[in-house]
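Chemist: Build me a structure from this.
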Amino acid sequence: TRMNYAVYTMDGTRLKQVNKTSDNAAFNQCSFQLEPGDYQLVVVGHSSNGNPTMTDPTCIKFTNAQGFTDTFIAYEVVTVTEEQKNIEVQINRIVSRCSVVITDDFPANVKKMRFYYAGGSGAFDASTGLGCVNSKQDVKFDVTSGQQQFDLYTFLHDVEGTIHLQVTAFDADDNILAERTFDVPMERDHITWLTGAFFSGSGSSSSTTITVTVNTDWAGETHLTF
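Modeler: Numbering: from 1, shown residues only. Next up is the predicted model:
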């Protein structure tokens, strides 16, 4: 739902940034007037509640308040001349996704779910697409009738990594009703499914991991049970 276009000098100074939402007329197009020379071009596509901080191309940052979503980027070094230049870029996914699926029934007094996780990053280096800070990511959901799946996103510091995930259920007055922790293996451009009985289950997460490539949208998926 959002596209952010930014141009930087080669030393990382941001010259211009344009932010667009999906209701804009040329959502996937942007124009810049630049002097001849070499520049860094960054394009970010996402669905957060606001625009990331893009002052520094080596650390483009989303916040807990904005939310973390499926995120795609393009990064190119562009040479501008006196002639008009049209550039076509493809944005590619750089996040990892953990989908938590709760298989047992929610107690009637559960109104909120909180997912607090560390080990990934809420910010990334545009030139690599890898995480650049050690974040404490905090995502909250109001529980709606029938909801069982909760999707969490992070930017890993490498192609593979592990997040330490704390899952907490609250009532309407923010009293804790249930809480469990998991160490979840993750991969870039990869979905890890964490599935199990949260309220009636016991013990910590332990499972056999099976990795399967199932579609062209994500590079692969891992299914874990708890």
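
Chemist: Quick check: closest non-adjacent residue to the spatially most central residue of the chain.
Modeler: When the chain is reduced to its mean C-alpha position, the closest residue under CA atoms, centre = their mean turns out to be residue 153, at 3.7 Å. With sequence-adjacent residues excluded and distances taken as CB to CB, 6 or more residues apart in numbering, residue 153 is closest to residue 68, at 4.2 Å. Bear in mind the C-beta positions are built from the backbone N, C-alpha and C, glycine included.

Chemist: Poorly predicted segments of this protein, please.
Modeler: Low-confidence segments of the chain (pLDDT under 70): 201-217.

Chemist: next one: the host helix or strand of residue 42 to chain centre, how far?
Modeler: Using DSSP states H and E, residue 42 falls within strand 37-46. Counting by CA atoms, centre = their mean, to the nearest Å, strand 37-46 is centred 19 Å from the centre of its parent chain.

Chemist: Next secondary structure element downstream of that strand?
Modeler: Using DSSP H and E, the helix or strand that follows strand 37-46 towards the C-terminus is strand 60-61.

Chemist: Please compute how far that following strand lies from its chain's middle.
Modeler: Distance, centroid of strand 60-61 to centroid of chain: 11 Å (CA atoms, centre = their mean).

Chemist: So for the next helix-or-strand element following it, what gets flagged as buried?
Modeler: Per DSSP H and E, the first helix or strand lying C-terminal to strand 60-61 is strand 72-80. Within strand 72-80, the residues that count as buried by 16 or more other CB atoms under 10 Å are 72-75, 80.

Chemist: partner strands of the very next helix or strand once past strand 72-80, parallel or antiparallel?
Modeler: Using DSSP H and E, the helix or strand that directly follows strand 72-80 along the chain is strand 92-93. Applying DSSP bridges, strand 92-93 is found paired with strand 72-80 (antiparallel).

Chemist: residue contacts, residue 76?
Modeler: Going by CB atoms under 8 Å, 6 or more residues apart in numbering, residue 76 touches 40-41, 87, 89.

Chemist: if we can go back for a sec, so who does the residue nearest to residue 153 touch?
Modeler: 48, 62, 95, 122, 137, 139, 152-154.

Chemist: so what's the residue nearest to the centre of the chain bridging to?
Modeler: With DSSP bridges as the rule, residue 153 is bridged to residue 97.
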